[in-house]
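# The sequence and its predicted three-dimensional model are supplied below.
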Amino acid sequence: MNLGERQINLESGSASQELNYTRMQFETRYTYDFVKRFLPAKSWRILEVGCGAGELAACLCKDGYAVVAIDSDGDSIAAAQRVGVDARIATWLHFNDGQFDAVLFTRSLHHIHPPMHRLNARRKAWLRADV
């Protein structure tokens with residue numbers, strides 16, 4: 001399936017096919033396409049901050065990424081875990097589980113004030129040096 005420039009993999013076993021791309025919520029589908037387009041080529045381990053019900057993390061897991069998803073809401077974490085996501089209740093500022101190839105704030109960055117000061121404080125702890 002071609003959505004503009006982005007090619008969507010609907011082959012058996014791909015996240016797009018397994019999770020029924022056409023039924024994915026619009027926001028998740030749009031975010032999934034965007035993230036897949038811009039992930040560094042050798043990305044493997046991803047942190048999603050503010051995972052909500054885990055739909056994006058589940059898609060990325062189906063594509064073979066190791067995703068750790070965090071949220072401060074217990075109900076969201078429970079929902080994400082029900083779809084097979086390694087979801088943990090945590091606040092992003094205090095979360096520390098090693099380094100990642102990419103960190104996603106797909107729907108949570110607007111909750112961080114002031115964003116740049118706080119993000120810079122965590123960037124070195126979260127991201128591998130070669131990313």
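The structure has been received and is ready for your questions.
# Contact partners for G74?
Neighbour list for G74: I89 [criterion: C-beta atoms under 8 Å, 6 or more residues apart in numbering]. To be clear about C-beta, it is placed using only N, CA and C from the backbone, and glycine gets the same treatment.
# And it, its phi and psi?
phi -60, psi -40 (degrees, to the nearest 10).
# ok, now how distant is it from Y30?
Counting by C-beta to C-beta, to the nearest Å, the gap from G74 to Y30 is 27 Å.
# before we move on, what about T91?
Separation of T91 from Y30 (C-beta to C-beta) stands at 26 Å.
# do the same with S43
S43 is 19 Å from Y30, by C-beta to C-beta.
# Among those two, which residue is more densely surrounded?
Neighbour count, other C-beta atoms under 10 Å: between S43 and Y30, S43 has more, with 18 against 14.
# give me phi/psi at the residue nearest to the more buried one when sequence neighbours are not counted?
Residue nearest to S43 in three dimensions, not counting chain neighbours: D101, with 4.0 Å by C-beta to C-beta, 6 or more residues apart in numbering. Phi and psi for D101, reported as degrees, to the nearest 10, are phi -80, psi -30.
# Ok, F100 next?
phi -130, psi 160.
# just the one 4 residues further on next, same as before
Summarising the backbone geometry of L104 under the convention degrees, to the nearest 10, its torsions are phi -110, psi 130.
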